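Novice: sequence first, then the predicted structure:
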Amino acid sequence: MSTTRNHTTHEVLNQAPPRVDVDEYALDPALQEAVAVFSPHARVERFHEIGRHVGTEQYQHDAELANTLTPVHRAHDRWGNRVDEIEFHPAYHRIMEYSVSRGLHTSAWADPGPGANVERAVGFMLVSQIEAGHGCPLSMTHAVVPSLRLSPELAAEWETALLSTVYDPELRDPATKSGVLFGMAMTEKQGGSDVRANTTTAEPLGDGLHVLRGHKWFCSAPQSDAFLVLAQSPEGLSCLLVPRVLPGGERNPFLVQRLKDKLGNKSNASSEVEFDGTLGWMVGEPGRGVRTIIEMVGRTRLDGVLGATAGMRQGVAEAAWHARHRAAFGATLIDQPAMATVLADLQLEAEAATWTALRLASAYDDEEFAPYRRLATAVAKYWICKRGPNHAYESLECLGGNGYTESFPLARRYREQPVLAVWEGSGNVIALDVLRAMAREPESVAAFDAELAAQLGGHELYDRHVGRVRGLIGRAAGDPDAAPGIARRLVEAMALAQQGAVLLGHAPASVAEAFCLARLGDDRSAEYGALPDGVDIDALVARA
């Protein structure tokens, strides 16, 4: 009997090669074009450097490790002292160190000026495309600055380290650190988004110092150096700065009760925490906690848009890579009309999100657009983040069985995308916030409408859609009691108009035309790959 082994049974054929050693920025034409429009003087070589770094095999492996060897809570040290430290795999620290070193947390504050928020957004999107979870502490640290500046003495104490590009994860006296990160703790179990139902108390001790007692149901990135916390002071709901380590080096009572076991966002630690004799300093006016923290919320919502958009880019990029290298039924997948149509639709969604995200970021570079961004941020956050999970699923399906395994990144992305629709206000909360802004800040409605009006005449379908949006806005304003019943319909219509406006104003004509036909036409479909006649499939696929 022959014992010769036939090795041909294990020859690997018709599989896509690893998608490594690429420049993610160079491969994303929509992102490059949007940068040229909204930050024309940007130093784009920085983006190419980030794009090449996140495209390396090592960075992608670190992203995998950070999400499989997840954070561990160490409640006590070996001698029994309560320390509440969070232990991360070194891969997570390498990812964080790189992003902080490139200023992807606070560069827009450290180096303000035209295009600053756009440039920070581009870098944030490039790293988030590969490893999404670490974007949470980056985002909160970026967003805390305007709220902190409402108390100049506290800002002076913390800003130098906040704006630093040094990553220093050790918990110790903040005065000895060259770089710090911030988090926030607002949500409580009985209230959720209704923060005015919070029961955590803040008892004044004098000179702005308070002692806190209570429980927070969600506290993201508990390893951070300090947090903005909402608590009930004698004046009402207030915002306080709570450091993990007090001046002089003593640990502030910051009791991590457990880490949340989440669907996705595994690399980022989220927790429940208890305050029991915890010290915090008043930020902003006592009793005006929501007003103090609202600017932070607006900017973290912007980062939700950026993160969801980065996820869409990852999805279509991985799907197109697979389709370009895999053959079935006698042809490469990308040359199969059914697959090409799906890829074109995924690319169209990602492009609309990309252009909208950078237009929105540009509005944070110019205070003239403050009324516009108040409404536009919430509208974009609702729609783009809500579209993310479906986009991730369809992208995953393009890879077939490979997409459903943890060896490929789209399974992780599929779990990750829903958090961006929940974080900083889930669908109903955002839709109702849009109604609230429209009623209380009519200038935001006028600014949003002006953005839409600037592109009227550019496409018949767009013009008709803007008419529908205006009708829904008028209906909501005319009957405020009934408005919540159409809130989601209104915000979706506004979001599509917002995307149509930016694409008609700035994107390639084939992309704008495709969007109007596919998203604003009467025969539009909620299913990916059901594009109507007239869409240039080949042009979109070439950009994927």
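Specialist: Looks like it came in fine.

Novice: check the protein for its longest helix and report it.
Specialist: Ranked by number of residues, the top helix in the chain under DSSP state H is helix 289-325.

Novice: from the chain's centroid, how far away is the very next helix or strand once past that one?
Specialist: Moving toward the C-terminus from helix 289-325, the next helix or strand (DSSP states H and E) is strand 327-328. Averaging C-alpha positions (Cα atoms, centre = their mean, to the nearest Å) puts strand 327-328 35 Å from its chain's average.

Novice: show me which positions of the longest helix of the chain end up buried.
Specialist: By 16 or more other Cβ atoms under 10 Å, the buried positions in helix 289-325 come out as 289-290, 292-293, 295-323. Every C-beta, even on glycine, is put in place using the N, C-alpha and C of the backbone.

Novice: what do you get for stretch 276-293?
Specialist: 278-284, 286-290, 292-293.

Novice: as JSON lines, those residues with pLDDT would be great.
Specialist: What follows is the buried residues of stretch 276-293, written out as JSON lines (pLDDT from 0 to 100):
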{"residue": "278", "pLDDT": "98"}
{"residue": "279", "pLDDT": "98"}
{"residue": "280", "pLDDT": "98"}
{"residue": "281", "pLDDT": "98"}
{"residue": "282", "pLDDT": "97"}
{"residue": "283", "pLDDT": "97"}
{"residue": "284", "pLDDT": "96"}
{"residue": "286", "pLDDT": "97"}
{"residue": "287", "pLDDT": "96"}
{"residue": "288", "pLDDT": "95"}
{"residue": "289", "pLDDT": "93"}
{"residue": "290", "pLDDT": "92"}
{"residue": "292", "pLDDT": "94"}
{"residue": "293", "pLDDT": "89"}
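
Novice: can you spell out which helices and strands pack onto the least confident helix or strand in the chain by mean pLDDT?
Specialist: When the helices and strands of the chain are compared on mean pLDDT, DSSP states H and E, strand 327-328 comes out lowest with a mean of 91. With contacts taken as 3 or more Cβ pairs under 8 Å, 6 or more residues apart in numbering; DSSP states H and E, strand 327-328 sits against no other helix or strand.

Novice: the longest strand seen in the chain pairs with which strands, parallel or anti?
Specialist: Using DSSP state E, we find that the single longest strand of the chain is strand 270-283. With DSSP bridges as the test, strand 270-283 is paired with strand 209-220 (antiparallel), strand 236-243 (antiparallel), strand 255-259 (antiparallel).

Novice: give me the mean pLDDT for the first one.
Specialist: Right, strand 209-220. If you average the pLDDT over strand 209-220, you get 95.

Novice: next: stretch 520-527.
Specialist: Stretch 520-527 carries an average pLDDT of 85.

Novice: cool, and stretch 447-457?
Specialist: 98.

Novice: can you pull the buried residues of that stretch?
Specialist: 447, 448, 449, 451, 452, 455.

Novice: distance of the closest residue to the third one other than its chain neighbours from residue 521?
Specialist: Okay, so that is residue 449. Spatial nearest neighbour of residue 449, chain neighbours left out: residue 470 (7.2 Å); criterion: Cβ to Cβ, 6 or more residues apart in numbering. According to Cβ to Cβ, to the nearest Å, residue 470 and residue 521 sit 19 Å apart.

Novice: who's more crowded, those two?
Specialist: Neighbour tally, residue 470 and residue 521, criterion other Cβ atoms under 10 Å: the higher count belongs to residue 521, 18 against 15.

Novice: my read: that one touches residue 461, true?
Specialist: Yes: the pair residue 521 and residue 461 passes the contact test of Cβ atoms under 8 Å, sitting 5.4 Å apart.

Novice: hmm, back to that, as TSV, the buried residues of stretch 276-293 with distance to residue 72 would be great.
Specialist: TSV is the format used below for the buried residues of stretch 276-293 (distance: Cβ to Cβ, whole Å):
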residue	distance to residue 72
278	23
279	27
280	27
281	30
282	34
283	31
284	35
286	38
287	39
288	38
289	32
290	34
292	33
293	30
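
Novice: how about the secondary structure of residue 105?
Specialist: Three-state assignment for residue 105 (DSSP: H, G, I helix; E, B strand; the rest coil): coil.

Novice: contact partners for it?
Specialist: Listed by Cβ atoms under 8 Å, 6 or more residues apart in numbering, the contact partners of residue 105 are 99, 137, 138, 139, 141, 142, 181.

Novice: at 6 Å instead, please
Specialist: Going by Cβ atoms under 6 Å, 6 or more residues apart in numbering, residue 105 touches 138, 141, 142.

Novice: give me the distance between it and residue 126.
Specialist: From residue 105 to residue 126 the distance is 14 Å (Cβ to Cβ).

Novice: do you know the pLDDT at residue 3?
Specialist: 52.

Novice: wait, I meant residue 298
Specialist: 89.

Novice: burial count for the spatially closest residue to it that is not a sequence neighbour?
Specialist: Leaving out its chain neighbours, the residue that sits closest to residue 298 by Cβ to Cβ, 6+ apart is residue 377, at 5.6 Å. Neighbour count for residue 377, taken as other Cβ under 10 Å: 26.

Novice: before we move on, what about residue 469?
Specialist: With other Cβ under 10 Å as criterion, residue 469 counts 21.

Novice: list the buried residues of the strand or helix carrying residue 488.
Specialist: Element membership for residue 488, per DSSP H and E: helix 487-506. Going by neighbour count (16+ other Cβ under 10 Å), the buried part of helix 487-506 is 487-488, 490-504, 506.

Novice: and that helix, how far from the chain's centre?
Specialist: 19 Å.

Novice: so which elements touch it?
Specialist: helix 337-363, helix 370-398, helix 427-440, helix 442-453, helix 460-478, helix 509-515 (3 or more Cβ pairs under 6 Å, 6 or more residues apart in numbering; DSSP states H and E).

Novice: would you mark the buried spots in the longest one?
Specialist: Right, helix 370-398. Those buried within helix 370-398 under the rule 16+ other Cβ under 10 Å are 371-389, 391-396, 398.

Novice: now do the strands in the stretch 51-200 of the chain.
Specialist: Along the stretch 51-200 of the chain, counting by DSSP state E, counting those that start in this stretch, strands occupy 72-76, 82-87, 182-185.

Novice: out of these, flag the one nearest residue 203.
Specialist: strand 182-185 (17.3 Å; Cβ to Cβ).

Novice: report the separation between the residue nearest to residue 298 and residue 260.
Specialist: From residue 377 to residue 260 the distance is 26 Å (Cβ to Cβ).

Novice: over to residue 525?
Specialist: 36 Å.

Novice: then residue 446?
Specialist: Noted for residue 446: a distance of 41 Å to residue 260, by Cβ to Cβ.
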